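Trainee: Starting from these lines, generate the structure:
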Amino acid sequence: MYKTVDAFMETVIAKNPAQDEFHQAVQEVVESIWDYLQDNPHYMHTKILDRIVEPERVVMFRVPWRDDQGTVQVNRGYRVEFNSAIGPYKGGLRFHPSVSLGILKFLGFEQIFKNSLTTLPMGGGKGGSDFDPKGKSENEVMSFCQSFMTELNRHIGPVTDVPAGDIGVGGREIGYLFGQYKRIRNEFTGVLTGKGLNWGGSLIRPEATGYGCVYFADEMLKTRGDSFKGKTVAVSGSGNVAQFATEKVIELGGKVVTLSDSSGSIYDPEGIDTNKLKWVMDLKNIRRGRIKEYTDQFGGEYWEGKRPWGAKCDVALPSATQNEINKEDAETLVKNNCFCVAEGANMPSDPDAIEVFVKNKILFGPGKAANAGGVAVSGLEMSQNSMLMAWNRDEVDAKLKSIMTCIHQACEKYGKEGSYINYVKGANIAGFIKVADSMIDQGVV
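Mentor: Below is the predicted model:
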């Protein structure tokens, strides 16, 4: 039996060397549930912590493919099937040069609790490759996806493991992956989510993570008798999550003043309205351009090589990537009177930043709660596939909003600290209980 969090973490780090992001994710969860575990020692006696941090299965494989010059290229593919206690493994595929086993274990571990919070029967998993779709031709992306699925297909299935998209894996990639799965297995099943609407996809799926993040933030604001109306909002990123978070903020009466990409950030004090957002969507989704071009078109400021957290705002929605807000950024946000932060990306705030937010009683929604909208609608897509039917846009959007409201209620239930709601603690305890109890019910497996 471990006496302290540090003692437990020493074991995790020794077993998983050089996987810093994974260590960070585990520490954040264990620290926030530690007191609850002391009050409920049966979880310790059944070694739930030791079991829950160990993936049930890790698949690693080579992915050979030919580029347009006929040269053979080789990438590495992964699928981390982390926990299936409450349902089939569910989690995205990420294609990006930064992908490694440690990154995917961090994402898969987070996914366990995120999926648990959605109230849907989905376990946690994650996968991907160090392949970079940027700069590749359509033919090269298709060649890679087909090779990747040639191996992956034997490890997944509609009641086993249902991958989705993530960074670098959008509708195009999902299409190529699904086509190869169908070709090899000779079956049309809901094995991937994020599919095209013509062949089993769900309405609202592209919008789900961004919309869900804003719905969650709106619930947080309601606890203080407030709303998005008239609020100035800083958003990072300019991809799928950032675009649809911006769209929903505009719809709820807020003013988004920033967007960013890996090169820098734009600041538009007049606000990014619907027409400007439409232009950004064309820039990033069709022309694959850089966000700097926004200032050439609409004015405002371009902050080269900088994140948007220096902008004065009431609400911040980090929607780009992990660890994009550090302690200094968090202190700047607090200094500028930001009072609500909801994570649209996976773990965008580092531990020191989270400490700043909680210490200053900021409304802080961690990613496993605030960005669960994407996987929630993926779960709804699975349901529609199983029933061989499709719900309309309003039905899916209403279900998404209901799920985000339920997640907020669970976080509030377990995160109450006097008048303050510690959403990190609430999300982790609520997500943990469901998975841990299911593991105990199923025996030592």
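Trainee: domains of this protein?
Mentor: 5-52, 57-188, 208-370 (automatic domain parsing).
Trainee: Find the nearest non-adjacent residue to the residue most central in space within the chain, please.
Mentor: In the chain, the centroid-proximal residue (C-alpha atoms, centre = their mean) is residue 346; its distance is 4.3 Å. In this structure, residue 346 finds its nearest non-sequential neighbour in residue 367, 5.0 Å apart by C-beta to C-beta, 6 or more residues apart in numbering. For glycine as for every other residue, the C-beta is placed from the backbone atoms N, C-alpha and C.
Trainee: now swap in residue 431 and tell me
Mentor: residue 113 (3.1 Å).
Trainee: and the gap between residue 365 and residue 415?
Mentor: Distance, residue 365 to residue 415, by C-beta to C-beta, to the nearest Å: 10 Å.
Trainee: Now do the helices in the stretch 51-200 of the chain.
Mentor: 101-117, 138-152, 171-185 (DSSP state H, counting those that start in this stretch).
Trainee: Comparing the ones you listed, which comes out most buried?
Mentor: helix 101-117 (a mean of 26; mean count of other C-beta atoms under 10 Å).
Trainee: and the lengthiest strand in the chain, which residues are buried?
Mentor: Taking DSSP state E as the criterion, the chain has its longest strand at strand 72-83. Within strand 72-83, the residues that count as buried by 16 or more other C-beta atoms under 10 Å are 73, 75, 77-83.
Trainee: who does that strand pair up with?
Mentor: strand 57-66 (antiparallel), strand 123-129 (antiparallel) (DSSP bridges).
Trainee: Show the average pLDDT along it.
Mentor: Averaged across strand 72-83, the pLDDT comes to 98.
Trainee: got the angle between it and helix 138-152?
Mentor: When axes from the mean of the first three to the mean of the last three C-alpha atoms, to 10 degrees is applied, the directions of strand 72-83 and helix 138-152 differ by 50 degrees.
Trainee: burial measure for residue 228, as a count.
Mentor: By the criterion of other C-beta atoms under 10 Å, residue 228 has 21 neighbours.
Trainee: Could you do the one 10 residues further on as well?
Mentor: The number of residues packed near residue 238 is 27, by other C-beta under 10 Å.
Trainee: My understanding was that it contacts residue 284; is that so?
Mentor: Yes. In this structure, residue 238 is within contact of residue 284 by C-beta atoms under 8 Å, at 5.2 Å.
Trainee: Now do the shared contacts for the two.
Mentor: Listed as contacting both residue 238 and residue 284 by C-beta atoms under 8 Å, 6 or more residues apart in numbering are 261, 291.
Trainee: Averaged pLDDT, stretch 282-291. What do you get?
Mentor: pLDDT averaged over stretch 282-291 gives 93.
Trainee: sorry, back to before: residue 365 and residue 415: which is more packed in?
Mentor: Set side by side, residue 365 and residue 415 show more neighbours around residue 365, with 28 against 21, by other C-beta under 10 Å.
Trainee: on that earlier part again, roughly how far apart are the residue nearest to residue 346 and residue 318?
Mentor: Counting by C-beta to C-beta - residue 367 and residue 318 are separated by 9 Å.
Trainee: Show me which of those two is the more surrounded one.
Mentor: Comparing residue 367 with residue 318 by other C-beta under 10 Å, the one with more neighbours is residue 318, at 34 against 23.
Trainee: which neighbours do residue 367 and residue 318 share?
Mentor: With C-beta under 8 Å, 6+ apart as the test, residue 367 and residue 318 both reach 343-345, 348.
Trainee: Kindly tell me how buried the nearest residue to residue 279 once chain neighbours are set aside is, as a neighbour count.
Mentor: Leaving aside its sequence neighbours, residue 279 sits nearest to residue 297 (C-beta to C-beta, 6+ apart; 6.4 Å). For residue 297, the neighbour count with other C-beta under 10 Å is 11.
Trainee: swap in residue 198?
Mentor: 6.
Trainee: Let's see the pLDDT reported for it.
Mentor: Among the per-residue scores, residue 198 shows a pLDDT of 95.
Trainee: what's the span of stretch 277-292 from first residue to last?
Mentor: End-to-end distance for stretch 277-292, by C-alpha to C-alpha, to the nearest Å: 14 Å.
Trainee: returning to what we had before: any chance of a markdown table for the helices of the stretch 51-200 of the chain, columns distance to residue 165 and mean pLDDT?
Mentor: Output for the helices of the stretch 51-200 of the chain, formatted as a markdown table (distance: least, C-beta to C-beta, whole Å; pLDDT from 0 to 100):
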| stretch | distance to residue 165 | mean pLDDT |
| --- | --- | --- |
| helix 101-117 | 13 | 96 |
| helix 138-152 | 12 | 98 |
| helix 171-185 | 6 | 97 |
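Trainee: circling back to that earlier point, closest to residue 267 out of the strands paired with strand 72-83?
Mentor: strand 123-129 (32.1 Å; C-beta to C-beta).
Trainee: Helices of the stretch 251-400 of the chain, residue ranges please.
Mentor: Going by DSSP H, counting those that start in this stretch, the stretch 251-400 of the chain shows helices at 274-281, 293-298, 327-335, 351-359, 367-370, 373-387, 393-415.
Trainee: Which one of those lies nearest to residue 151?
Mentor: Of all these, helix 373-387 comes closest under C-beta to C-beta, at 22.2 Å.
Trainee: any chance of the helices of the stretch 51-200 of the chain in a markdown table, plus distance to residue 401?
Mentor: Converted to a markdown table, the helices of the stretch 51-200 of the chain look like this (distance: least, C-beta to C-beta, whole Å):
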| stretch | distance to residue 401 |
| --- | --- |
| helix 101-117 | 15 |
| helix 138-152 | 33 |
| helix 171-185 | 23 |
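Trainee: in a helix, that's where residue 44 is, yeah?
Mentor: Yes. Per DSSP: H, G, I helix; E, B strand; the rest coil, residue 44 lies within a helix segment.
Trainee: Just to check, it is in contact with residue 8?
Mentor: No. In this structure, residue 44 is not within contact of residue 8 by C-beta under 8 Å, at 9.9 Å.
Trainee: Next, work out how far apart residue 190 and residue 182 are.
Mentor: If you go by C-beta to C-beta, the gap between residue 190 and residue 182 works out to 12 Å.
Trainee: just residue 36 next, same as before
Mentor: According to C-beta to C-beta, residue 36 stands 45 Å off from residue 182.
Trainee: Equivalent analysis for residue 385, please.
Mentor: In terms of C-beta to C-beta, residue 385 sits 13 Å off from residue 182.
Trainee: Identify the residues contacting the residue nearest to residue 95 when sequence neighbours are not counted.
Mentor: Counting by C-beta to C-beta, 6+ apart, residue 168 is the residue found nearest to residue 95 once chain neighbours are left out, at 3.5 Å. In this structure, residue 168 makes contact with 94-96, 128, 131-134, judged by C-beta under 8 Å, 6+ apart.
Trainee: Put together a markdown table for these, with neighbour count, distance to residue 164 and pLDDT on each row.
Mentor: Below are the contacts of residue 168 laid out as a markdown table (neighbours: other C-beta atoms under 10 Å; distance: C-beta to C-beta, whole Å; pLDDT from 0 to 100):
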| residue | neighbour count | distance to residue 164 | pLDDT |
| --- | --- | --- | --- |
| 94 | 23 | 10 | 97 |
| 95 | 27 | 13 | 98 |
| 96 | 18 | 15 | 96 |
| 128 | 28 | 11 | 98 |
| 131 | 27 | 17 | 98 |
| 132 | 15 | 19 | 96 |
| 133 | 18 | 16 | 95 |
| 134 | 10 | 20 | 90 |
